[in-house]
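Trainee: Output the structure for:
(one chain, ligands or ions: 1)
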Amino acid sequence: MDADPKAEIENLRAQIAEHDRLYYKEAQPRIDDQAYDRLKEQLADLETAHPQLARAVPSVASVGDDRIDGFVTRIHRMPMLSLDNTYNMEELIDFGNRLEKRFPEDSLRYLVEPKIDGVAVCLTYEEGHFTRAVTRGNGTEGDEITANVQHISGIPATIEDAPEILEVRGEIYMRHAEFERINAEREANDQPLYANPRNLAAGTVKLLDPNQARERRLEIALYGIGACQPEGFFSSQSAIHEKLAAWEFRVLEKQWLANGIKEAAKSIEALDSLRQNFDYPTDGAVIKLDDFRLQRAAGSTAKAPRWAIAYKFEAERAQTRLEDIQMQIGRTGAITPVAILQPVQLAGTVVARATLHNEDEIRRKDLRPGDTVVVQKAGEIIPQVLSVVESERPGDSQPFDFAAKLRELGIEAARDPSDSAWRVLSSDAPALQMRALQHFASRACMDIANLGTAIVEQLVLRGMARDPADLYSLQTGQLLELDKFAEKSAANLIDALEKSKSQDLWRLLHGLGIPHVGKQSAKDLAAAFGSLDSLAIAPLEQLESIDGVGTIMAQSLVDWFANPTHQERIDRLRAHGVNFSSANTQTASGGALSGKTLVLTGTLPGLTRDEATQMIEAAGGRTSSSVSQKTDYLLAGEASGSKYSKAQKLGIPVLDEAGFRELIEPA
Ligand code: IVH
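Mentor: Residues are numbered from 1 along each chain as shown. Below is the predicted model:
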């Protein structure tokens with residue numbers, strides 16, 4: 001390019017500033033780290049080539065800025081710097097060579113640490129007492145997030161024999177399992193999904209309501225210090241780790257001491273193969289000179305220390321064709337666009353679909369059916385469509401028109417301004433009716449065999465069924481009109497429908513598709529009320545008093561039952577003889593866990609969550625998702641996390657798998 005370097009530099013700076021804003025303030029990055037780092041590199045190269053155009057002092061924003069309204073700003077006693085980074089081994093060796101030249105007399109030892117992909121945090125201790133937690137902000141000052149981190153385990157309230165003032169630094173992050181739990185819940189409630197654990201962690205520490213933050217499990221790992229008075233308390237990076245662990249901070253689970261940069265490179269490789277089994281995101285290694293005397297002598301630039309470097313691992317990616325953008329309709333009507341891809345091999349699996357989250361995401365990336373796109377699977381998680389290969393774009397291509405696509409599919413929908421999701425407007429939309437019937441018939445609800453997707457589609461398109469109650473009016477003669485239906489299949493379906501009438505109340509309740517009422521809540525409600533009729537007339541306060549039912553769900557139930565269409569539907573179900581009562585009110589009374597509430601946390605060595613839940617229910621107990629005064633036992637797979645510490649605080653007995661088995665199957 002022969003463009004004007006001044007204009008190019010300005011353009012790059014503007015792009016970088018915009019990506020900083022998206023990453024730090026909105027936790028919604030549009031490009032991945034590698035693409036961002038490339039922009040920074042281009043800018044640095046241009047600035048080196050045209051020093052007269054470089055900024056005399058790097059702007060404060062050179063480490064981004066995560067500060068947002070609604071938080072108190074706090075100044076860091078010592079700035080929180082960033083790290084230089086590289087994606088290749090030669091540059092790492094160069095880094096080592098520079099230090100060797102600088103310190104010819106010393107044999108250099110490095111500490112190699114995992115680079116966790118989360119949000120940086122600074123914890124301040126004054127006279128051994130934890131006083132606050134602050135985000136990196138712009139490096140000089142950040143947002144105080146103490147209330148949102150209070151429940152994270154691994155942050156001691158007091159530390160013994162501590163320096164008068166100590167800033168302890170580390171990373172707040174989220175495990176994959178928790179990320180997936182929250183996204184699954186959001187999917188069930190038709191809320192837009194989070195793209196990755198880092199964004200969700202960043203969004204969580206910046207929630208204005210600490211009670212909401214408490215409902216998402218965050219983790220922390222501390223790996224460094226900032227200000228320390230008196231100075232000289234620590235002599236090396238490895239000494240910091242030891243001391244932090246002794247003070248009972250949560251620290252990195254793995255690190256390597258390496259003699260010389262070549263050995264450090266070996267440790268990075270070891271980390272790269274190990275991290276595949278970490279259940280949290282790591283995007284590289286951080287290589288730090290161990291000795292503090294040498295660290296001080298090496299010093300820092302305005303942006304980053306000269307004694308450390310980040311080596312970043314490349315995510316696996318591939319190019320493929322975006323064949324189509326389909327609309328997936330959730331059970332309560334939220335519409336999620338899905339990329340249909342030409343199947344491509346990526347990180348060990350074949351990727352053929354990827355969620356595109358929402359309309360804004362498609363517009364930001366300017367994705368168009370027919371485009372060649374770059375897809376990425378960052379280790380283990382959901383595949384992402386990263387960007388378009390614009391050079392491969394067909395000449396006649398037009399921007400994707402979300403609204404037009406919905407019209408073309410005959411979906412009447414509107415955009416919800418609160419969360420940028422489109423929702424189907426009328427419950428009469430055929431697509432929504434199909435979705436509702438499929439849900440009703442599914443195994444997690446009324447479990448109606450022989451009522452698959454293809455049949456549901458035909459029933460709706462031919463006007464034979466619009467809602468679950470209509471299913472029970474179907475006649476054999478009608479069914480014979482359907483494609484591929486003969487006497488036998490018609491009789492089977494009629495038979496399955498008949499059988500489903502006696503399913504337990506919770507299955508019916510789950511099947512009705514009341515927003516926010518999932519499987520477990522349906523069980524809780526069925527057990528608490530015993531019949532659909534008592535539930536239908538329950539006032540808000542009574543609903544809220546039930547363990548596991550929050551305000552949002554309670555309000556949703558009241559609204560749902562107040563709707564005349566739903567009342568009429570219930571009347572028709574009743575007329576068809578569908579069971580409205582629960583056999584489970586006194587489930588397995590006399591069982592070892594009769595009347596007991598258990599909360600599950602962590603992974604059990606020999607049982608899946610579903611298996612444990614089934615065993616609890618079979619023994620007459622129930623499960624709940626949060627620890628409260630009403631919890632009788634915590635069944636914990638690992639002795640960590642907020643549920644564990646809360647249970648301990650409340651004096652609730654904690655069981656491991658063996659203890660649990662003993663309790664329900666006494667020898
Ligand atoms: S050291 C001046 N160590 O990566 C030293 N950072 O890209 C700065 N990070 O802001 C940090 N794991 O948020 C360090 N083991 C580790 C890290 C780590 C993750 C993050 C941290 C930092 C960013 C720099």
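
Trainee: What number of neighbouring residues does residue 14 come out with?
Mentor: 10 (other Cβ atoms under 10 Å). The C-beta positions use only the backbone N, C-alpha and C, and glycine is treated the same way.

Trainee: Residue 244 now?
Mentor: Close neighbours of residue 244, defined as other Cβ under 10 Å, add up to 24.

Trainee: That one reaches residue 238, doesn't it?
Mentor: No - in this structure residue 244 lies outside contact range of residue 238 using Cβ atoms under 8 Å: 10.8 Å.

Trainee: Looking at the stretch 301-450 of the chain, what residue ends up closest to the ligand?
Mentor: residue 305 (4.7 Å; Cβ to the nearest ligand atom).

Trainee: my bad, the chain
Mentor: Nearest residue of the chain to the ligand, counting by Cβ to the nearest ligand atom: residue 120, 3.2 Å away.

Trainee: Just the pLDDT at that residue, thanks.
Mentor: Listed pLDDT for residue 120 reads 96.

Trainee: Leaving out chain neighbours, which residue sits closest to it?
Mentor: residue 136 (4.3 Å; Cβ to Cβ, 6 or more residues apart in numbering).

Trainee: can you tell me which residues contact that neighbour?
Mentor: Under the criterion of Cβ atoms under 8 Å, 6 or more residues apart in numbering, the neighbours of residue 136 are 63-64, 66, 80, 119-122, 142.

Trainee: same thing with residue 428?
Mentor: Counting by Cβ under 8 Å, 6+ apart, the residues that residue 428 touches are residue 466.

Trainee: pretty sure it belongs to a strand, no?
Mentor: No - counting by DSSP: H, G, I helix; E, B strand; the rest coil, residue 428 falls outside a strand, being coil.

Trainee: gap between it and residue 410?
Mentor: Distance, residue 428 to residue 410, by Cβ to Cβ, to the nearest Å: 11 Å.

Trainee: sorry, back to before: what's the pLDDT at the closest residue to the residue of the stretch 301-450 of the chain closest to the ligand other than its chain neighbours?
Mentor: Nearest non-adjacent residue to residue 305, counting by Cβ to Cβ, 6+ apart: residue 81, 5.9 Å away. On pLDDT, residue 81 comes in at 94.

Trainee: correct me, but residue 81 touches residue 306?
Mentor: No - using Cβ under 8 Å, residue 81 is not in contact with residue 306, being 10.5 Å away.

Trainee: Helix or strand: which one has residue 112?
Mentor: According to DSSP states H and E, residue 112 maps onto strand 109-116.

Trainee: about what we covered before: so what's the residue nearest to residue 120 scoring on pLDDT?
Mentor: You'll see residue 136 listed with a pLDDT of 95.

Trainee: quick revisit: next structured bit after the strand holding residue 112?
Mentor: Where DSSP H and E defines the elements, the next helix or strand beyond strand 109-116 is strand 119-126.

Trainee: Can you point out the buried residues in that following strand?
Mentor: Burial within strand 119-126, assessed by neighbour count using 16 or more other Cβ atoms under 10 Å, is assigned to 119-125.

Trainee: again, but for stretch 364-378
Mentor: Neighbour counts using 16+ other Cβ under 10 Å place 365, 367-369, 371-378 of stretch 364-378 among the buried residues.

Trainee: Just the endpoints, please. Distance across stretch 442-452?
Mentor: Length of stretch 442-452, first residue to last, Cα to Cα, to the nearest Å: 9 Å.

Trainee: can you give me how far that stretch is from the chain middle?
Mentor: 29 Å (Cα atoms, centre = their mean, to the nearest Å).

Trainee: Give the buried residues for it.
Mentor: 442, 445-446, 448, 451.

Trainee: Run a quick neighbour tally on residue 462.
Mentor: Number of residues near residue 462 (other Cβ under 10 Å) recorded here: 11.

Trainee: That one contacts residue 481, correct?
Mentor: Yes - Residue 462 lies in contact with residue 481 (Cβ under 8 Å); the separation is 7.3 Å.

Trainee: And for the residue positioned nearest the centre of the chain, nearest residue in space, chain neighbours not counted?
Mentor: For the chain, the residue nearest the mean C-alpha position is residue 179 (2.9 Å; Cα atoms, centre = their mean). Spatial nearest neighbour of residue 179, excluding adjacent residues (Cβ to Cβ, 6+ apart): residue 197 at 4.2 Å.
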